[in-house]
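> coordinates only, sequence not included:
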Ligand SMILES: Nc1ncnc2c1ncn2[C@@H]1O[C@H](COP(=O)(O)OP(=O)(O)O)[C@@H](O)[C@H]1O
Ligand SMILES: [Mg+2]
């Protein structure tokens, strides 16, 4: 249905400078060129402060670039936001604590005027998808951190976006939950066919999830390497495959190469 | 565990109160303190029993004034807070004014208002209560409405909605616990100002007018009986507001 020749996301020569008051200006991103194909899963990895969140927020039109162009499905990032072309999940689940789990998932549908019955049906479907159907009537504070994050992901998927933006959504989870969530996310993204930009600190996580891993370096934030991941299929055994280790090593070396350049 | 804590929290003040009453009674009895200086709890208790039905009537009159004024003050404060947050100049004007006015003895307006309305009207007292209740509710509600979590703000921005949708779906529900904190403060003030406003004349139907008239007739124990009723009324308002606040902030991070 979608035009495969139009990139889901395309950044060309993007700079972002923050005015940091008396401290002067902070160059968060410099000379970013990146294209994400429809249905592609791309992770952004790099040390803290290298501009991963900023890059994602630029795509989401929560920040404006200082230079360069950003297009989302061939439109400006601003138009894409107005058209609701992406779903977003932040590091904090950010559920509204006074709403039930179901009402939280319904939020984007509600603000965009979908009827009550349609909303409820879609929310039930999404909660089924993230395995929380029986918690629909609970309040967010009755759920564990991992469950809250799954609600946030269901909410991000509510309007069937062709693009999913996720900023360290599993950052606060324990390792076990984290791996299970990664499995679910891979399943969701293949099932829905949406493109994903996924920010993470974790090398194995980036490798497990992605078609390509974008390695970033700080001061100023740049893309230092792009590592394509060629794993046929993700399942429980993927993390023990030689190909997985090879990819993890490749990403680690790309990260370290930058670090040693910095030291020298 | 929680039951133990709850009983301790209730039992301790009750026990302290009983001890205080016993001590008070003993002091009055043993030192032979004259009734016009300090009537004994026993004398006050007798007065409460003898005037019980009138105490109820007077409590109802003062309580109605406090409640009507409180509700009107809350409604006005919430409306003003929504406008203030929406129109920043209004907020810049009202918030300092609210702090200034809350430092003023607003009950002092009672005689002035009594002149403006007929002497048989409860309205001046209710207006005083509404004004007194307005400010704490306004201040806390503005605080609640402006304190929006960044992640919620950005989420709504990503949905490309703002204005009234943001206010209705995020700001107002988020401000509810703050509102109830304001109401808890306002509820106690409402009873105090409803009773004190009666000291300045006007209709002779509430606890305040009973206290002044009993005192004027040197019936000190009876005056104290109505004071006890006023304390009880204040406690009822406070506890109701406290319960409402607890209910409203279920599942939220407590407000410090
Ligand atoms: N709103 C802002 N104002 C000023 N500086 C900012 C702002 N947002 C991010 N920065 C700076 O930009 C740089 C990149 O930040 P960020 O994108 O959050 O990094 P990351 O997500 O990779 O940890 C950091 O130096 C950060 O301090
Ligand atoms: Mg970040």
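Arrived safely, thanks for sending. A quick note: this is a predicted structure, and the numbers were derived from the prediction, not measured. Residues are numbered from 1 along each chain as shown, chains lettered A, B, ... in the order given. Ligands and ions are numbered 1, 2, ... in the order given.
> what comes up buried for stretch A:14-22?
Of the residues in stretch A:14-22, A:14, A:15, A:16, A:17 count as buried by neighbour count, 16 or more other C-beta atoms under 10 Å in any protein chain shown. From N, CA and C alone the C-beta is placed, and that goes for glycine too.
> residues making contact with the host helix or strand of the third one?
What that stands for is residue A:16. According to DSSP states H and E, residue A:16 maps onto strand A:9-19. Here strand A:9-19 makes contact (C-beta atoms under 8 Å, 6 or more residues apart in numbering or on different chains) with A:25-36, A:51, A:54-55, A:58-59, A:63, A:65-72, A:163, A:195, A:197, A:221.
> tilt between the helix or strand that comes right after it and strand A:9-19?
Using DSSP H and E, the next helix or strand after strand A:9-19 towards the C-terminus is strand A:25-36. Here strand A:25-36 points in a direction 180 degrees away from that of strand A:9-19 (axes from the mean of the first three to the mean of the last three C-alpha atoms, to 10 degrees).
> buried residues in strand A:25-36?
A:26, A:28, A:29, A:30, A:32, A:34, A:36.
> closest to chain B among the residues you listed?
Checking the buried residues of strand A:25-36 against chain B by C-beta to the nearest C-beta gives residue A:28 as the nearest, at 16.7 Å.
> in chain A, which spans are helices?
Assigned by DSSP state H, the helices in chain A fall at A:52-59, A:77-82, A:101-111, A:116-129, A:145-157, A:175-192, A:203-209, A:242-263.
> what helices or strands is the helix or strand harbouring residue B:83 leaning on?
According to DSSP H and E, residue B:83 maps onto helix B:52-86. Helix B:52-86 sits against helix B:88-102, helix B:123-146, helix B:172-198, helix B:207-216, helix B:220-248, with contacts defined as 3 or more C-beta pairs under 8 Å, 6 or more residues apart in numbering or on different chains; DSSP states H and E.
> give me the buried positions along it.
Using 16+ other C-beta under 10 Å, the residues of helix B:52-86 that count as buried are B:55, B:58-59, B:61-74, B:76-78, B:80-82, B:84-85.
> can you state the direction angle for it and helix B:220-248?
Using the same axes, to 10 degrees: helix B:52-86 against helix B:220-248 is 40 degrees.
> what mean pLDDT does helix B:52-86 get?
Across helix B:52-86, the average pLDDT comes to 91.
> again, but for stretch A:63-77
Averaging pLDDT along stretch A:63-77 yields 93.
> check stretch B:180-189 too.
92.
> give the contact list for the spatially most central residue of chain A.
Residue closest to the mean C-alpha point of chain A, counted by C-alpha atoms, centre = their mean, is residue A:166 at 2.3 Å. Contacts here follow C-beta under 8 Å, 6+ apart; on that basis residue A:166 touches A:56, A:88, A:89, A:153, A:156, A:196, A:197, A:198, A:199.
> which one in those residues is the model shakiest on?
Lowest-confidence member of the contacts of residue A:166: residue A:153, scoring 89 (pLDDT).
> that residue touches residue A:185, doesn't it?
Yes - Residue A:153 is within contact range of residue A:185, at 7.3 Å (criterion: C-beta atoms under 8 Å).
> count of neighbours near the closest residue to chain A within chain B?
For chain B, the residue closest to chain A is residue B:151, as judged by C-beta to the nearest C-beta, at 3.6 Å. Counted by other C-beta atoms under 10 Å in any protein chain shown, the residues lying close to residue B:151 total 15.
> endpoints of stretch A:83-98, how far apart?
In terms of C-alpha to C-alpha, to the nearest Å, the two terminal residues of stretch A:83-98 are separated by 28 Å.
> off-centre distance for that stretch?
With C-alpha atoms, centre = their mean, to the nearest Å as the basis, stretch A:83-98 stands 11 Å off its chain's centre.
> show the low-confidence segments of chain A, by residue range.
A:1-4, A:258-264 (pLDDT under 70).
> quick one: name the residues of it near chain B.
A:60, A:62, A:81-82, A:84, A:86, A:88, A:90, A:92, A:94, A:96-99, A:107-108, A:110-112, A:139-142 (C-beta under 8 Å from any C-beta of the partner chain).
> buried ones among those?
For these, buried by 16+ other C-beta under 10 Å: A:60, A:62, A:81, A:84, A:86, A:88, A:90, A:92, A:94, A:96-99, A:107-108, A:110-111, A:139-140.
> what's the first-to-last distance across stretch A:196-215?
End-to-end distance (C-alpha to C-alpha), stretch A:196-215: 16 Å.
> adding distance to ligand 1 and mean neighbour count, write the helices and strands packed on helix B:52-86 out as a markdown table.
Formatted as a markdown table, the helices and strands packed on helix B:52-86 follow (distance: least, C-beta to the nearest ligand atom, whole Å; neighbours: other C-beta atoms under 10 Å in any protein chain shown):
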| stretch | distance to ligand 1 | mean neighbour count |
| --- | --- | --- |
| helix B:88-102 | 22 | 14 |
| helix B:123-146 | 19 | 24 |
| helix B:172-198 | 22 | 25 |
| helix B:207-216 | 56 | 21 |
| helix B:220-248 | 33 | 18 |
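> buried sites along stretch B:17-35?
For stretch B:17-35, burial by neighbour count (16+ other C-beta under 10 Å) applies to B:24, B:28.
> so who does the residue of the stretch 151-256 of chain B found nearest ligand 1 touch?
Nearest to ligand 1, among the residues of the stretch 151-256 of chain B, is residue B:154, at 11.6 Å (C-beta to the nearest ligand atom). Residues in contact with residue B:154 (C-beta under 8 Å, 6+ apart) are A:62, A:90.
> quick check: it vs residue B:96, distance?
Distance of residue B:154 to residue B:96, computed by C-beta to C-beta, to the nearest Å: 30 Å.
> so which of the residues of chain A next to chain B are in strands?
A:86, A:88 (DSSP state E).
> in chain A, which residue sits nearest chain B?
Counting by C-beta to the nearest C-beta, chain A gets nearest to chain B through residue A:94 (3.6 Å).
> other SSEs contacting the helix or strand of chain B with the lowest mean pLDDT?
Least confident helix or strand, chain B: helix B:109-116 with a mean of 77, by mean pLDDT, DSSP states H and E. The contact analysis (3+ C-beta pairs under 8 Å, 6+ apart) places helix B:109-116 against helix B:123-146.
> check which residues of whichever helix or strand comes after the helix it packs on are buried.
Where DSSP H and E defines the elements, the next helix or strand beyond helix B:123-146 is helix B:150-158. Burial within helix B:150-158, assessed by neighbour count using 16+ other C-beta under 10 Å, is assigned to B:152, B:153, B:154, B:155, B:156, B:157, B:158.
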